[in-house]
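Asks: My questions concern the predicted model and sequence given below.
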Amino acid sequence: MKRPLLKYCGNKNREDYRLSSRSEADCIGFIFAESKRRTEPSEVKEWMDEFGKNGKKHVGVFVNPTLGEVEEACRILNLDAVQFHGEEPLSLLEEFKQRNGQEIWKAIRHGESALRKMAHYGPAADVFLIDSSVKGSWGGTGVSFDWSLAGSYIKQAEQMGKPCFIAGGVSPDNVIDLLKIDPAGIDLASGVERNGIKDERLLKNFEKRVFDYVSGH
Ligand SMILES: O=C(O)c1ccccc1NCC(=O)[C@H](O)[C@H](O)COP(=O)(O)O
């Protein structure tokens with residue numbers, strides 16, 4: 001099987017950045033929205049200048065932002081992709097795409113209307129990310145959803161010709177269950193953190209499990 005793309009999200013300090021930028025991840029994410037993981041583009045720029053991007057796609061995560069906020073972060077960081085993680089109108093994503101051309105990720109919460117929302121955002125989204133739905137939180141909850149239901153998202157994204165990341169409570173302990181449904185990408189924040197910061201042993205353990213599983217299938 002093909003290894004899924006990996007994204008470590010919620011890098012919020014210099015050490016998180018150092019670890020994630022030296023990891024096996026393909027993408028690393030930064031929260032520019034209200035969160036315990038919130039950071040500022042100017043801080044990320046300092047870490048990026050110090051350690052280098054090391055080939056990782058840098059993804060800025062926003063929740064119901066203004067176009068100006070997203071464009072300002074893109075200007076400072078030259079982001080490779082922007083992840084819209086709220087209930088943004090499709091017109092905002094379309095306008096952003098038209099003006100800037102960056103890759104757009106649309107996060108959608110698992111639930112009854114998720115397939116319909118994927119179709120709705122299809123004209124603007126380049127990548128889908130399906131996350132758990134937890135009341136009162138937009139993301140980064142560490143809570144998983146029933147992955148036996150994730151096949152329909154993966155299939156619909158494939159039919160639309162777009163990769164689909166699965167997120168929400170993924171960790172070294174449960175990633176094998178997720179790999180069995182063969183998602184194009186896996187996104188996680190909490191599962192590779194200890195006391196709220198990225199943990200090298202958890203990152204290595206997670207990657208070993210993914211790589212061992214993939215090489216055996
Ligand atoms: O991580 C956050 O704190 C966060 C806050 C607000 C919006 C989005 C957020 N995270 C976006 C991500 O892509 C996370 O990796 C995703 O929600 C999964 O998080 P976790 O369940 O902790 O692995």
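Replies: In hand now; what should we look at? What you see is a predicted model, and the numbers here were worked out from it, not measured in a lab.

Asks: Please tell me how far Asn78 sits from Gln102.
Replies: Using CB to CB, to the nearest Å, Asn78 is found at 9 Å from Gln102. Heads up, the C-betas are built off the backbone N, CA and C, glycines and all.

Asks: What is the neighbour count of the residue nearest to Ser152 when sequence neighbours are not counted?
Replies: In space, and not counting its chain neighbours, Ser152 is closest to Leu115: 6.3 Å by CB to CB, 6 or more residues apart in numbering. A count of nearby residues for Leu115, using other CB atoms under 10 Å, gives 15.

Asks: next one: the one 10 residues further on
Replies: Under the neighbour criterion other CB under 10 Å, Ala125 is assigned a count of 24.

Asks: Is Gln83 located within a helix, as I assumed?
Replies: No. Secondary structure of Gln83 (DSSP: H, G, I helix; E, B strand; the rest coil): strand, not part of a helix.

Asks: so it touches Glu103, yeah?
Replies: No. In this structure Gln83 lies outside contact range of Glu103 using CB atoms under 8 Å: 9.4 Å.

Asks: what about those two, which has more around it?
Replies: A direct count of neighbours by other CB under 10 Å for Gln83 and Glu103 places Gln83 higher, at 28 against 15.

Asks: Not counting sequence-adjacent ones, nearest residue to that one?
Replies: Excluding the flanking residues, the one nearest Gln83 by CB to CB, 6+ apart is Trp105, at 4.0 Å.

Asks: quick one, phi/psi of that neighbour?
Replies: phi -100, psi 140 (degrees, to the nearest 10).

Asks: Contacts made by stretch 18-30 with the rest, please.
Replies: 5-12, 17, 39, 41, 44, 47, 51-54, 56-61, 80-81, 83, 185, 187, 189, 198, 200, 203, 207, 211 (CB atoms under 8 Å, 6 or more residues apart in numbering).

Asks: from the residues you listed, which are also near the ligand?
Replies: Contacts with the ligand within the contacts of stretch 18-30, counted by CB under 6 Å from any ligand atom: Cys9, Gly10, Val61, Asp187, Ala189.

Asks: measure the fourth one to Thr66 for me?
Replies: Between Asp187 and Thr66 the distance, using CB to CB, works out to 24 Å.

Asks: who's more crowded, those two?
Replies: Counted by other CB under 10 Å, Asp187 and Thr66 do not tie: Asp187 has more neighbours, with 29 against 10.

Asks: State the three-state secondary structure for the residue most central in space within the chain.
Replies: For the chain, the residue sitting closest to the mean C-alpha position, by CA atoms, centre = their mean, is Asp187 at 4.8 Å. Under three-state DSSP, Asp187 falls in the strand class.

Asks: mind listing what it touches?
Replies: Counted by CB under 8 Å, 6+ apart, Asp187 has contacts Leu6, Lys7, Cys9, Cys27, Gly29, Leu129, Asp131, Phe165, Ile166, Ala167, Val170.

Asks: Repeat that for Ala184.
Replies: Pro4, Leu5, Ile154, Ala157, Glu158, Pro163, Cys164, Phe165.

Asks: Among those, name the buried ones.
Replies: By neighbour count, with 16 or more other CB atoms under 10 Å, these hold Pro4, Leu5, Ile154, Ala157, Pro163, Cys164, Phe165 as buried.

Asks: The last one pairs with what?
Replies: Pointing back at Phe165 there. Leu129, Gly185 (DSSP bridges).
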